[in-house]
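[1] return a 3D structure for these sequence lines:
(one chain, ligands or ions: 1)
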Amino acid sequence: MSSPQIVLLPGDGIGPEIVGAAKRLLEAVGEFEFTEHQVGGASIDEHGAALTDDVLEACRRADAVLLGAVGGPKWDTTDPNAPRPEQGLLGLRKGMGLYANLRPVRPSPALVDASPLRPEVIAGTDLLVVRELTGGIYFGASARDGDRAHDDCEYTVAEIERIARVAFEAAGQRGGASARVTSVDKANVLETSRLWRETITRVAADYEGVELDHMLVDNAAMQLVANPGRFDVIVTENMFGDILSDESAMLTGSLGMLPSASLGAESEPGLFEPVHGSAPDIAGQGVANPLATFLSAAMMLRHGLGMDAEARAIEAGVDSALERGLRTPDLATADQETVGTEDMTDAVIGAVSLESAKS
Ligand code: NAD
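    Predicted coordinates:
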């Protein structure tokens, strides 16, 4: 079998540092064929556009795409006609048909003190937010007429069904003893939510090993901070997901630790990237935290390439480096010594190699 083809899109700011580190880590866990392309500001400088047709085509042909981050002050502009780095991301989402956004939240045991919540509340939290990405109120008709304005929220059964399947399949793959999908809606008020609930309930019948419960979005927002350990997989529509995924991201308290995946049709490659931006304030200093990108690479192996054992090895390697006390500056408290991107990468690669030597 030929090696999986991975497109690397380092992007801007710290992007090249963290994607370069992730490439070294991936080379330690398997055989891949990498090609690298520009996106965002780097692509604007070279080609005058944040995403070229050739790069989009290369991404669509690949087995998976790993992205760093895009943007920076160099390309900030108020000129509406000037190209902007984030157009690269939007172009990729649209061009690759990415309709599902997955954000896992699993605070590393060594970092529970970084969470704004008390350690006993956060202990045992291991959840995944599955957000519908291309429908709902963000994409409905909208208009302003004098002193009135409206934004229409619309969902079709097909749109709900395909995101439901992503959530149920992810719940099955996560392999917890009690796989559960919590569908979040506002079915007591919204017609789209009633269609959502009906459709999710019907799809659930195809996934016997996975429990389903429904929760209203206001209650979900409360439960996420009061009792995050009760959740396994949360599936929800675009706007609720936008808000709840940021809320759950804060449970870990460290932006440099959060990975994400955007998935489209099963036959198409997914896009995997850290949640954070290009951190221009620390770019080029060798101090960027590469762990969110490593955990994104683990998601790529699991959800994009079906390599679950290798994904687990990376996650265990990240935990091990943190348990040994290694901290990049963003993770360290005032009294802790810090390491740079390279030392952190070496530590994770060392832990991963040790694990694979044992098995
Ligand atoms: P940011 O996430 O880049 O940075 C916020 C703060 O977190 C900064 O102090 C930064 O140094 C720190 N930080 C972020 N990631 C880190 C890491 N891996 N290691 C250590 N520290 C880290 O957000 P911002 O400053 O609001 O945005 C900077 C640029 O990134 C902007 O141009 C913005 O548009 C862009 N951005 C891109 C994406 C993306 O590509 N997906 C997402 C958000 C922001």
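
[2] so for stretch 285-298, first residue to last residue, what's the gap.
    25 Å (CA to CA, to the nearest Å).

[3] where does the residue in the stretch 201-350 of the chain positioned nearest to the ligand fall, secondary structure wise?
    Nearest to the ligand, among the residues of the stretch 201-350 of the chain, is Gly277, at 2.5 Å (CB to the nearest ligand atom). Bear in mind the C-beta positions are built from the backbone N, C-alpha and C, glycine included. Here Gly277 is covered by no helix or strand, with elements defined by DSSP states H and E.

[4] residue contacts, it?
    Gly277 makes contact with Gly13, Ala69, Gly71 under the criterion CB atoms under 8 Å, 6 or more residues apart in numbering.

[5] out of those, which one sits closest to the ligand?
    Within the contacts of Gly277, proximity to the ligand (CB to the nearest ligand atom) peaks at Gly71, which comes in at 2.6 Å.

[6] what sits closest to that closest one if chain neighbours are left out?
    Among residues not flanking Gly71 along the chain, Pro85 sits closest, at 4.3 Å (CB to CB, 6 or more residues apart in numbering).

[7] hang on, that neighbour packs against Ala69?
    No: counting by CB atoms under 8 Å, Pro85 does not reach Ala69; the two are 9.2 Å apart.

[8] who has more neighbours, the two?
    Legend: neighbour count by other CB atoms under 10 Å for Pro85 and Ala69, higher for Ala69 (30 against 26).

[9] and that one, what's its pLDDT?
    Per-residue pLDDT puts Ala69 at 97.

[10] I figured it hits Leu9, correct?
    No: with contact defined as CB under 8 Å, Ala69 does not count as touching Leu9 (9.6 Å).

[11] identify the contacts common to those two.
    Gly15.

[12] name the residues that touch stretch 11-21?
    By CB under 8 Å, 6+ apart, the list of residues contacting stretch 11-21 reads 8-10, 38-42, 66-72, 75, 85, 88, 274, 277-280, 282-284, 286, 288-290, 292-294, 341-342, 344-345.

[13] residues in the protein within reach of the ligand, list them.
    Proximity of the chain to the ligand, by CB under 6 Å from any ligand atom, involves residues 14, 69-72, 89, 255-256, 273, 276-282, 288-289, 292, 330.

[14] what do you get if the cut-off is 5 Å, keeping everything else the same?
    Contact residues, the chain versus the ligand (CB under 5 Å from any ligand atom): 69-72, 256, 276-279, 281-282, 288-289, 330.

[15] which ones among these map onto strands?
    If you go by DSSP state E, these have Ala69 in strands.

[16] ok, which pair from the residues of the chain next to the ligand is furthest apart?
    Val70 and Asp330 (19.5 Å; CB to CB).

[17] so between these two, which is more surrounded?
    Val70 (31 against 18).

[18] list the contacts of the nearest residue in space to that one that is not next to it in sequence.
    Closest residue to Val70 apart from its sequence neighbours, by CB to CB, 6+ apart: Gly40 at 2.7 Å. The contact partners of Gly40, taken as CB under 8 Å, 6+ apart, are 11-12, 15, 50, 69-71, 75, 85-86, 88-89, 278.

[19] now do Glu211
    Ser178, Ala179, Arg180, Val181.

[20] swap in 10 Å and give it another go.
    Ala171, Ser178, Ala179, Arg180, Val181, Thr182, Ala204, Asp232 (CB atoms under 10 Å, 6 or more residues apart in numbering).

[21] show me the helices in the stretch 1-150 of the chain, by range?
    With DSSP state H, counting those that start in this stretch as the criterion, the stretch 1-150 of the chain has helices at 15-29, 41-47, 53-61, 86-95, 119-122.

[22] ugh, wrong one, the stretch 151-300 of the chain
    157-174, 191-204, 217-226, 238-249, 291-299.

[23] mind listing what's buried along the third one?
    Neighbour counts using 16 or more other CB atoms under 10 Å place Val217, Ala220, Ala221, Gln223, Leu224 of helix 217-226 among the buried residues.

[24] could you export those residues as JSON lines, including pLDDT?
    Output for those, formatted as JSON lines (pLDDT from 0 to 100):
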{"residue": "Val217", "pLDDT": "98"}
{"residue": "Ala220", "pLDDT": "98"}
{"residue": "Ala221", "pLDDT": "97"}
{"residue": "Gln223", "pLDDT": "97"}
{"residue": "Leu224", "pLDDT": "96"}
